[in-house]
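Colleague: next input, structure requested:
(2 chains)
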Amino acid sequence: MKIADNQKLDRRALLKLTGAAGTAGLASMAGCLDDPSADDDGEIDELTITLSQFPDTIDPLDHITGDFFDVYDHIYEPLFDFEPGEGIFPRVVDDWEIQEGEGATELYLRDDVVFHNGDDLTAEDVAWTINRTVDPEMGVISDIGSFGLGSIEGAEALDETTVSVEYGAAPGLAEFEFGNYARALDMQWAIDNHDAENEAISGADPEDFNGTGPYEVVDFTSGEEIVLERFDDYWGDEPPFETVIFNADGESNGRVNSLRTDATDLTINILPEDVSTVRNADDIEIRRVTSFRNIFCPMKNTVEPFDSQEFRQAMNYAVDNEGIASSVLSGYGEARGQPIAPGINGFNDEIEPYEQDVSMAESLVEESGYGGVEIELTVPQGRYLNDAEVGETVADQIDQLENVSCEANIVEFGTVSDANSAGVDPDVIEIPFYLIGWGTITGDTDYGVQGFFTIPDNEARTFDDEELSDAILESQQIEDPDERRQQLEEVNRLAHEKAPFLFLHTQESIYGVREQIEWEPREDESVFIWDME
Amino acid sequence: MTMGKFLVRRILQGIFVIWGVITVMFGLRAVSPGDPATLMLGEGATQELIERVREQEGLNEPIYIQYFEYLQGMVVGDFGYSWRSNREVEAMVIERVPATIELAVAATIVAIVIAIPLGVISATRRNEPADYGATLFSLLGISTPNFWLGLMLILVLGVWAGLFPTGRRPVGFGQAMMTLVQYGSVYDLLVWLQYITLPALTLGTYFTALITRLTRSGMVDELGKEYVMASRAKGLPAVLVRYKHVLRNTMIPIITVLGLQLGTLLGGAVITETVFNWPGLGLRLVDALGARDWPLMQGIIVFIAIAFVTINIVVDALYNYLNPQVREG
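Modeller: Numbering: from 1, shown residues only, chains lettered A, B, ... in the order given. Predicted structure coming up:
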């Protein structure tokens, strides 16, 4: 019996020891595995950035998504530097000259720029890339072409380093567009390896990327991670980090956890409710900026009750957008009364947000003749800062009106996106009232209004009004910058008055960043490594 | 029924199930709101572009023609192209399979390593504190939702204690083994272990609780049988009787459940993969759902269905081989 007891004790002791050793082994893993991103002196040499969406297309022209630009701009660098509110500056394009009266601008390229595969950059590459972006017949139907380069008609190489860009609008507008969206692909590489004149570039290998940017791709795992390293033959200044890794996590709290556990150094789109978590943690901090992204609820005026200007204005008076910005967004937003944000060319300083006035709203509803109407607000979830909560609050405040009933319908973003591009044909419209956001990243009002309000050749518009459309079209032809800005301010005044949207707010961009990294976020939401130290 | 006939019948049934899954998926795509062409082109595409894409993709064809063309593609292994990335769906599915298999196998190992000893202890010490503890653990394990457990593990062991990373998979098992074999370094293996521990615990907890219960009840049944008493009376040590004779007899239903659960784990890791940003099939499925990338969604679900059906057939065949009563019945 005694022996048996001893054996039992031994077995238990062994089990305990094994368990303790296993736990200690697992627990010590974190300590054993040194952080490879830091040098001995603590300098960060490897930077990890966690986005909210990993690029699911590798063709740099086949998207118009901020997260994708954050990655691709380091591989396929912009031809110009763009500073919000200031304009464009030389980069790959050394200089440029407007060809008066010809609807064209000549771009003069640097002669020392090479692609990652060693090919020299030529004017033909730039012209071909611009043409591929704007021509849907050339390999890819590019949203960048439809939206970003909307007024650009084409480009032509004049010699080895000169490109002529042709456009159908005023030079100022064209400059905003190509200054933001023009990139360069290696024409021969793209055609030979990817049949890029007939289809989108696709693949899952580092060799499927070839730009002129300061970083080249060394490892790519589709949907997971893209690893960039400094490009040794880059023409410009050496970028600050040897290695940059981009990955993604669709959840704000997941991104914050990565930041807290040193798995990442910078992350975007942090929700207000996660801000205090970052603030309370060591070595990381919140950085924020009022972005160029406005949040609003379009009201399609070809269907009842939104065909009444009084009713649309009533919706604006019903909602306390200042209160929403301060409570639902915890102050990470500014109430707005026009389609675009401050700092954008054409922003009208004199327009204040609609101030909540319930009795005014109720009397405007009566004037419209739609008293007692029931409406539904369709709201996406997870796309913008606290979008579902914002939408529910808006619907609730409208529902407080005695003569309107309103409910919020929370859906996937795709449903709202479909609604936004469904046009204004009353027989087709299923969702006339929805919440959406738009970032006017070119820094020019035109980009924030033309897709929504212009009528000719714009099946996807959300509002049908000749006066507003004409005002925008007129602005596109004005060459004098001051005169054009005044006209854009008038466009914004008209938009405020006609209330094609229930105007809500300009949202802030909230980033979580390791304290060591010197970097200030930009209004246009771009994340450029070369701005960091 | 011979083994051959049994297998043929099960394979035919499996094909019918897979066809059903394909058809239901296609039906859902057909009735779901939203125009595929608009989804492909993104926000604000012009009507002209939308029409062109509809023509290119055959979306203007009658629905039954689209269905038969799709079915034809599936039969020859052509799952089509992702609407978003323009890549072959087969490639996008296959590249995520290793991560999901790693997670499913790790969760199964967690379950076996914890559940079987726990079940044995619980059965052999009935109505003692160890039994109460094991029963409580089983109850909690079965009742705790995956996503909550995952978040708690992230919070406690990842964020507060700082012991484990909170998500992602920087290195795969294959690469870790390559590093070990080529360079004799365990660094990658440790990194892999560090990253897979929390997801495997999360995914494996329900399974652990289930196997613990099965082991306990099976052991309790067997321990009451006469051969156990005879063995003890013959003078065999209690440990030998429990582990060599009783546990072995208990293992048949446990192995069956293990096999079937492995199939469930392959398809059921969606929540765990999402919580831990683990780049397997589940996470890709969620991404595809968000982007409404129907070809990719269909490809993943059909793959999961094929895997599930195949594992079921293999388990049935094994069970059939081990227990001829099934075949005869």
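
Colleague: nearest to chain B: which residue in the stretch 151-300 of chain A?
Modeller: Per Cβ to the nearest Cβ, A:Asn257 is where the stretch 151-300 of chain A lies closest to chain B, at 4.0 Å. All C-beta atoms are positioned from the backbone trio N, CA, C, and that covers glycine.

Colleague: which helix or strand contains that residue?
Modeller: helix A:252-260 (DSSP states H and E).

Colleague: just the CA trace of that helix, in CSV.
Modeller: This file holds the C-alpha atoms of helix A:252-260, laid out as CSV (Å, rounded to 0.1, in the frame of the first residue of the first chain):
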residue,chain,number,x,y,z
SER,A,252,-10.8,48.0,-35.1
ASN,A,253,-10.2,46.2,-31.7
GLY,A,254,-8.0,43.6,-33.5
ARG,A,255,-5.9,46.4,-35.0
VAL,A,256,-5.6,48.0,-31.5
ASN,A,257,-4.6,44.7,-29.9
SER,A,258,-1.9,44.2,-32.6
LEU,A,259,-0.6,47.7,-31.6
ARG,A,260,-0.7,46.9,-27.9
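
Colleague: could you list the low-pLDDT ranges of chain A?
Modeller: Applying pLDDT under 70 to chain A picks out residues A:1-43.

Colleague: could you chop the chain up by domain?
Modeller: No chain specified, so I'll use chain A. Following automatic domain parsing, chain A resolves into domains at A:46-52+A:201-289+A:510-531, A:75-192, A:290-508.

Colleague: other chain: chain B
Modeller: Split by automatic domain parsing, chain B gives B:3-91, B:97-279.

Colleague: distance to B:Ile313 and mean neighbour count for the domains of chain A - can I get that in TSV?
Modeller: Below are those laid out as TSV (distance: least, Cβ to Cβ, whole Å; neighbours: other Cβ atoms under 10 Å in any protein chain shown):
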stretch	distance to B:Ile313	mean neighbour count
domain A:46-52+A:201-289+A:510-531	30	19
domain A:75-192	43	20
domain A:290-508	36	20
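
Colleague: could I get the ones you listed as TSV with distance to B:Gly204?
Modeller: Below are these laid out as TSV (distance: least, Cβ to Cβ, whole Å):
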stretch	distance to B:Gly204
domain A:46-52+A:201-289+A:510-531	21
domain A:75-192	40
domain A:290-508	29
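
Colleague: for B:Val113, which of the ones you listed is the nearest?
Modeller: domain A:46-52+A:201-289+A:510-531 (26.1 Å; Cβ to Cβ).

Colleague: contact residues of the stretch 151-300 of chain A facing chain B?
Modeller: A:199-200, A:202-204, A:221-225, A:247, A:249-251, A:254, A:257-258, A:260-261, A:263 (Cβ under 8 Å from any Cβ of the partner chain).

Colleague: again, only this time at 7 Å
Modeller: Contacts of the stretch 151-300 of chain A with chain B, taken as Cβ under 7 Å from any Cβ of the partner chain, map to A:200, A:202, A:204, A:222-224, A:247, A:249, A:254, A:257-258, A:260-261, A:263.

Colleague: which residues of the stretch 201-329 of chain B lie near chain A?
Modeller: B:277, B:279, B:284, B:287, B:291-292.

Colleague: at 6 Å instead, please
Modeller: Taking Cβ under 6 Å from any Cβ of the partner chain as the contact definition, the stretch 201-329 of chain B meets chain A at B:277, B:279, B:292.

Colleague: phi, psi of B:Ile154?
Modeller: Phi and psi for B:Ile154, reported as degrees, to the nearest 10, are phi -60, psi -50.

Colleague: quick one on the thing from earlier: in JSON lines, list the residues of the stretch 201-329 of chain B next to chain A along with pLDDT, secondary structure and neighbour count.
Modeller: Formatted as JSON lines, these follow (pLDDT from 0 to 100; DSSP: H, G, I helix; E, B strand; the rest coil; neighbours: other Cβ atoms under 10 Å in any protein chain shown):
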{"residue": "B:Asn277", "pLDDT": "88", "secondary structure": "coil", "neighbour count": "25"}
{"residue": "B:Pro279", "pLDDT": "90", "secondary structure": "coil", "neighbour count": "26"}
{"residue": "B:Arg292", "pLDDT": "79", "secondary structure": "coil", "neighbour count": "24"}
